[in-house]
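Q: quick check, what structure comes out for this input:
(2 chains)
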There are 2 protein chains.
Amino acid sequence: MNAEVIAVGTELLLGFVVNTDTAYLGRVLAEAGIACTHQVTVGDNPGRLAEAARTALARADLVITCGGLGPTVDDITLETLARVAGRRLVLNRPILRRIENRFRRLGVRMPGSNRRQALLPEGAFPFLNTIGTAPGWILTLRHAEGERRLVALPGPPAELMPMVERHLIPRLRKLSGGMILRSRTLKLTGITESEVDAKVRDLLSLSGPATVGIYAHPGQVDLRITARGKTEAEVRRKIAAVERQIRSRLGRLLLGADEETLEGEVGRLLKQKRKSVAVAESCTGGLVQHRITEVAGSSEYFRGGVIAYSNALKESLLSVPRETLRREGAVSSSTARAMAEGVRELTGSDFGLGITGIAGPTGGSKKKPVGLVYIALAGPGRVKVERRLFSGDRRTVKLKASQAALNLLRLRLLK
Amino acid sequence: MNAEVIAVGTELLLGFVVNTDTAYLGRVLAEAGIACTHQVTVGDNPGRLAEAARTALARADLVITCGGLGPTVDDITLETLARVAGRRLVLNRPILRRIENRFRRLGVRMPGSNRRQALLPEGAFPFLNTIGTAPGWILTLRHAEGERRLVALPGPPAELMPMVERHLIPRLRKLSGGMILRSRTLKLTGITESEVDAKVRDLLSLSGPATVGIYAHPGQVDLRITARGKTEAEVRRKIAAVERQIRSRLGRLLLGADEETLEGEVGRLLKQKRKSVAVAESCTGGLVQHRITEVAGSSEYFRGGVIAYSNALKESLLSVPRETLRREGAVSSSTARAMAEGVRELTGSDFGLGITGIAGPTGGSKKKPVGLVYIALAGPGRVKVERRLFSGDRRTVKLKASQAALNLLRLRLLK
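A: From the prediction side, this is the model:
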């Protein structure tokens, strides 16, 4: 069983959009044990898409396209694939009703062009779109080279990914039979890529049944363990053996695995211990609380907080003493501490986080450079304050500071 | 003149690495006025790379490969392309000396495998690598279909990009015969993709010297105008003509162009009018303020605000009347209004934004479904409240609500 992925979109050829769908589908296919031999991108051009689809169907058992299923005139995938497959387009009434209902629910009149999105090649099985309007589909074809599956998926990752999880992956499992490949990503924070590299260099050069790759992000280093085998149990055993070694060396730096996030892990620990947190942000400007509230159900442990960008608000809302601001400045250990205590008091939460710093690009000085951030955690007992110096642009400094603040709370909750 | 890009690397097919080289080369080619018709990815497999290179040379004047030039056994690009081009490999002594010097400088013995990196197909012109060891190269070929250029570049973006800037771009300018291509993206908000489509369908089907593409994001629709021509002035004139038509039809929905963002535009208007804003967020959980503070210099017009996730904080910090919360609920027009007025008062800002809604996935009811959001803007004069119903998951609802809130302020500032 081998596969080929065709991405459709002039914006991909022009480099306006980085193609993440193809990488995602690559992982999905690999995990199902299906070899993907080619990834091809063509523009919104029926002739070139038809040629690419014919070439792919001649050499791959499974051909997956992504993109070009929208309602506009430059969305050409549906008509082109139907022509290549030699199938006419038929109206799917349940899908039409779904699209009509969607517009009705949103209180918007459905434009005529959206009706086209209820058309499918004859014989295709639809994949419902839970986020947008365009359905995906799978079609089984007889081909001179053997039986073929042709799959069409929408381009936006938010629409494509749930559709793949729900409809495509279960079918891939059946199609592939044999070998499987699984990956597990361990996420570390509070350590640099070179420090991780030094601690696990022997594992990074593993080859054979299990391999380890290293990937750096702002404020986070990922280690990806990949293993192949005949059964889930065999593959899981191989991964677990490597994971044990990594855990024994890097222990508490590990914030989670795979889909787990730092904000999710903090939420899990707060729920488990029935504690709540509030946040007072200056330089991160709301990012820490935005991340906390990305977790569904966060209202159980998060009541709210304050963005105190100006000194006046630090004083009036968080009771930071004017004297502290005057003598030590808004970016100081004492201000961070007073902010953390202030927001804890103000909201009646168990923990209070205070973050103040210089995100840049301006506002730095020799003594207090851009990237300097103080992070304080107030709770029952002593207030802990960290002084950090982050590199990077404004966005990166905000991101790294939010990561360090959430990690400070995570480590405290683990105690 | 048209081009094709071939990326080489099994890690790309497996989705462990997102291919950013291809998007970068797409932009480089587009800016040089060279149409890129296909992007193809193959693994570290000599047979498939040879086939892809032959196909590309049959249909493109310029074929660029990236990846597979390293010193290890799975780096197969050099030998494969030399075979396809019918050229033998010859040792380039200046490159060998550079590689040897590099290792000497680092105080490391050169592994024998690195000697291979000083080999080039006969007749190829080398591109020096200022970061790593593998040189790139360009080779001119006679082909049954006409003269061809074959280019090999290393895979790591840090090595590829300086090489492209220094060696490839000057050659592309000569090859393209002076034609250039430029794009301008107009960003719209407060309108759906289908509504935009209905208003500019004639422009979307333009072909020839200027084209228009449509791209949807949560809470935003982009129209990208692309034009070709001989001079910057000519191309700019063509783009401006289409832009005038779009502006005349979609006017105030336009939030900015190219690198401009909604939060940047709001900041620009606030500075221009010397006004300040504060924000009280419930369902968006800090995202609106995070976006406002992504703009460098935002402290000039943003003092801070409140995240009031719990009813208690809505009451105590924002003075939302307990009676309002009891009778109409936290997600209501009156609560949004009281939040906007409350935060304006609390911070002494000119404007106050209040956002309350149900981001989901739980917490919805028949009367107040997931995605229902009230957005209020308080300022001098009357308070304006919008009731919106957004589709999508938690993250998308938050994003769309933040977009609508910032746009409400933008429109008010434009008055």
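
Q: in contact with the closest residue to chain B within the stretch 101-250 of chain A, which residues?
A: Nearest residue of the stretch 101-250 of chain A to chain B, counting by Cβ to the nearest Cβ: A:Pro111, 4.0 Å away. Heads up, the C-betas are built off the backbone N, CA and C, glycines and all. Each residue near A:Pro111 by Cβ atoms under 8 Å, 6 or more residues apart in numbering or on different chains is listed here: A:71, B:194-195, B:197-198.

Q: what's the following helix or strand after the helix-or-strand element of chain A with minimal mean pLDDT?
A: Of the helices and strands making up chain A, the lowest-confidence element is strand A:210-217, at a mean of 79, by mean pLDDT, DSSP states H and E. Sequence-wise, the next helix or strand beyond strand A:210-217 is strand A:220-229, with elements assigned using DSSP states H and E.

Q: which strand or helix spans A:Ala233?
A: helix A:232-250.

Q: pull the number of nearby residues for A:Leu250.
A: Neighbour count of A:Leu250, defined by other Cβ atoms under 10 Å in any protein chain shown: 18.

Q: check contacts around it.
A: Going by Cβ under 8 Å, 6+ apart, A:Leu250 touches A:188, A:191, A:196, A:199-200.

Q: how about the helix or strand hosting A:Ile99: buried residues?
A: Using DSSP H and E, A:Ile99 sits within helix A:93-105. Residues A:95-96, A:98-99, A:102-103 are the ones in helix A:93-105 that count as buried (16 or more other Cβ atoms under 10 Å in any protein chain shown).

Q: now whichever helix or strand comes after that helix: how far from the chain's centre is it?
A: As assigned by DSSP H and E, the chain's next helix or strand after helix A:93-105 is strand A:119-121. Put simply, strand A:119-121 sits 31 Å off its chain's centre (Cα atoms, centre = their mean, to the nearest Å).

Q: and stretch A:105-116, by the same measure?
A: From the chain centre to the centre of stretch A:105-116 is a distance of 30 Å (Cα atoms, centre = their mean).

Q: and if you look at stretch A:309-326?
A: When C-alpha coordinates are averaged (Cα atoms, centre = their mean), stretch A:309-326 and its chain have centres 36 Å apart.

Q: start and end of it, how far apart?
A: One end of stretch A:309-326 to the other measures 16 Å (Cα to Cα, to the nearest Å).

Q: is any residue of it near chain B?
A: Yes: remark: stretch A:309-326 sits within contact range of chain B at A:309-310, A:312-313, A:316-317, by Cβ under 8 Å from any Cβ of the partner chain.

Q: with stretch A:391-399 instead?
A: Yes: using Cβ under 8 Å from any Cβ, stretch A:391-399 reaches chain B at A:394-395, A:398.

Q: neighbour-wise, which of the residues you listed leads?
A: Using other Cβ under 10 Å as the contact criterion, the top neighbour count among these goes to A:Lys398, which has 28 neighbours.

Q: let's see the pLDDT reported for it.
A: Listed pLDDT for A:Lys398 reads 96.

Q: ok, it - contacts?
A: A:283-285, A:287, A:359, B:290, B:293-294.

Q: among those, which ones are buried?
A: If you count burial by 16+ other Cβ under 10 Å, the buried members of these come out as A:283-285, A:287, A:359, B:290, B:293-294.

Q: list just the nearest of those residues to A:Gln220.
A: Nearest to A:Gln220 among these: A:Leu287, at 14.6 Å, using Cβ to Cβ.

Q: pLDDT wise, what is that closest one at?
A: In the prediction, the pLDDT value recorded for A:Leu287 is 98.

Q: swap in A:Ser207?
A: Taken from the predicted model, the pLDDT recorded for A:Ser207 is 68.

Q: and for A:Ile292?
A: As summarised for this prediction, A:Ile292 has a pLDDT of 98.

Q: ok, A:Arg105 next?
A: For A:Arg105, the pLDDT comes out at 84.

Q: one step back: among the buried residues of helix A:93-105, which are within reach of chain B?
A: Among the buried residues of helix A:93-105, the residues lying close to chain B (Cβ under 8 Å from any Cβ) are A:Arg102.

Q: closest to A:Leu325 among the buried residues of helix A:93-105?
A: A:Arg102 (51.8 Å).

Q: close enough to count as contact, the closest one and A:Thr133?
A: Yes: in this structure, A:Arg102 sits in contact with A:Thr133. The criterion is Cβ atoms under 8 Å, and the distance is 6.4 Å.

Q: could you tell me which residues touch both of those two?
A: Between them, A:Arg102 and A:Thr133 share no contacting residue, judged by Cβ under 8 Å, 6+ apart.

Q: coming back round to it: switch the residues of stretch A:391-399 next to chain B over to CSV; also include secondary structure.
A: Putting the residues of stretch A:391-399 next to chain B into CSV (DSSP: H, G, I helix; E, B strand; the rest coil) gives the following:
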residue, secondary structure
A:Arg394, helix
A:Arg395, helix
A:Lys398, helix
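
Q: quick one on the thing from earlier: in the helix holding A:Ala233, which residues are buried?
A: Buried-residue list, helix A:232-250, by 16+ other Cβ under 10 Å: A:235, A:238-239, A:242-243, A:246, A:250.

Q: likewise for stretch A:376-387?
A: In stretch A:376-387, counting by 16+ other Cβ under 10 Å, buried: A:376-379, A:383-386.
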